[in-house]
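Novice: Please find the sequence and the predicted model below.
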Amino acid sequence: MSADTDTARPERQAMTEALADAALELAAGGLWEEVGLAALCQGAGLAIADVALAGISRERVREALERRLDRAMLAVVPEAGARAKDRLFDVLMGRFDAMEERREAWTSILIAEGRDGSTLPMRTVRLARTAGWALDAAGIVTGGAGATVRRAGLTRILLAAQEAWLADGPDLARTMRALDQGLQQSRDAAAQLKGVWSFLTGQGSLAGGRKPDAGDGADAGTSQTGAGAPGGRAP
């Protein structure tokens, strides 16, 4: 790696973050689909020539915004000894809390992307990555044959929770309910699959399939919902 590359990397990162700050301000003040790279550069006080030569695109700025949400999510430290489902719930809510801090901007971004069907594959890829990190942060095993299924299931839950968040109020009650229900349904589905597998392999009956206990982390939602979520949240 050349010295020029080493020097350019922090400069490019600083430019990207400045553009991401501008993106949030511009998205909050108007329609995200109308915010182009030139507007981002103007908002950040950067020359578009410098930004282009640094290899920074509008999509790279959008990715930087997504990384900010992921960092906020991964900064959450789940309660020690909490059930797997509750740990995952708390980690994921860290992401929505960060979105809530810039609600106008994220509402503009998500609505614009929802109108543009061509962005769905990229959005799904982003959320699948987020799902994998969330499972890791919650201490849920993400390896093995079921890893892809777990990430895919949690990706669908995140997509549904984002839709709930768009229609939510400051208390995030709808978002929490969507997450809680999604995780519970995932847990129930996993329990049914385990029961069918036990039956097919002669290890049990369909009626008597083993239910995951509080420490079972094999699926996206892994324990029964208690009276309330950790940290005083009540979905």
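Specialist: It's in.
Novice: the strands in the protein, which residues?
Specialist: With DSSP state E as the criterion, the chain has no strands.
Novice: I'd like the distance between the one residue sitting closest to the centre of it and Asp171.
Specialist: Taking CA atoms, centre = their mean, the centroid of the chain lies closest to Thr130, which sits 4.4 Å from it. Plainly put, Thr130 is 23 Å away from Asp171 if you go by CB to CB, to the nearest Å. (C-beta placed from N, C-alpha, C; glycine too.)
Novice: picking that back up, pLDDT value on the residue nearest to the centre of the chain, please?
Specialist: For Thr130, the pLDDT comes out at 96.
Novice: Under the pLDDT cut-off, which ranges of this structure? List them.
Specialist: 1-8, 142, 145, 187-235 (pLDDT under 70).
Novice: Hmm, Leu31 is touching Glu113, no?
Specialist: No: the criterion here is CB atoms under 8 Å, and Leu31 misses it with Glu113 at 11.6 Å.
Novice: residues touching the closest residue to Gly132 other than its chain neighbours, list them.
Specialist: Excluding its sequence neighbours, the residue lying closest to Gly132 (CB to CB, 6 or more residues apart in numbering) is Arg151, at 5.1 Å. Arg151 sits next to Ala128, Ala131, Gly132, Leu135, Thr142 when contact means CB atoms under 8 Å, 6 or more residues apart in numbering.
Novice: Could you measure from Arg151 over to Arg103?
Specialist: Taking CB to CB as the measure, Arg151 falls 27 Å from Arg103.
Novice: quick one: which of Leu31 and Glu113 has more around it?
Specialist: Neighbours around Leu31 and Glu113, counted as other CB atoms under 10 Å, are more numerous at Glu113. The numbers are 18 against 13.
Novice: Surely that one touches Thr119?
Specialist: Yes: between Glu113 and Thr119 there is a contact at 4.6 Å, judged by CB under 8 Å.
Novice: care to break the protein down by domain?
Specialist: Domains of the chain are assigned by automatic domain parsing as 1-56, 78-232.
Novice: any idea which of those is most buried?
Specialist: Using mean count of other CB atoms under 10 Å, the stretch among those with the largest mean neighbour count is domain 78-232, at a mean of 17.
Novice: follow-up on the earlier one: now the residue nearest to the centre of the chain: how far from Met73?
Specialist: Going from Thr130 to Met73 by CB to CB gives 7 Å.
Novice: Equivalent analysis for Trp165, please.
Specialist: Separation of Trp165 from Met73 (CB to CB) stands at 14 Å.
Novice: what's the answer for Gln13, then?
Specialist: Distance, Gln13 to Met73, by CB to CB: 20 Å.
Novice: on that earlier part again, give me the common contacts of Thr130 and Met73.
Specialist: Common contacts of Thr130 and Met73, defined by CB under 8 Å, 6+ apart, comprise Arg95.
Novice: contacts for stretch 90-105?
Specialist: Residues from elsewhere that reach stretch 90-105, judged by CB under 8 Å, 6+ apart: 23-25, 27-29, 68-70, 72-76, 78-79, 82, 106, 130, 134, 137-138, 158, 161, 165, 170, 172, 175-176, 179, 229-231, 233.
Novice: Now intersect the residues you listed with the helices, please.
Specialist: Using DSSP state H to define helices, the subset of the contacts of stretch 90-105 located there is 23-25, 27-29, 68-70, 72-74, 106, 130, 134, 137, 158, 161, 165, 175-176, 179.
Novice: where exactly do the helices run in this structure?
Specialist: For the chain, helices defined by DSSP H occupy the ranges 3-29, 37-44, 48-53, 58-74, 84-101, 103-115, 120-137, 147-166, 173-200.
Novice: for the first one, packing partners?
Specialist: Same thing as helix 3-29. Applying 3 or more CB pairs under 8 Å, 6 or more residues apart in numbering; DSSP states H and E, we find helix 3-29 packed against helix 37-44, helix 48-53, helix 58-74, helix 103-115.
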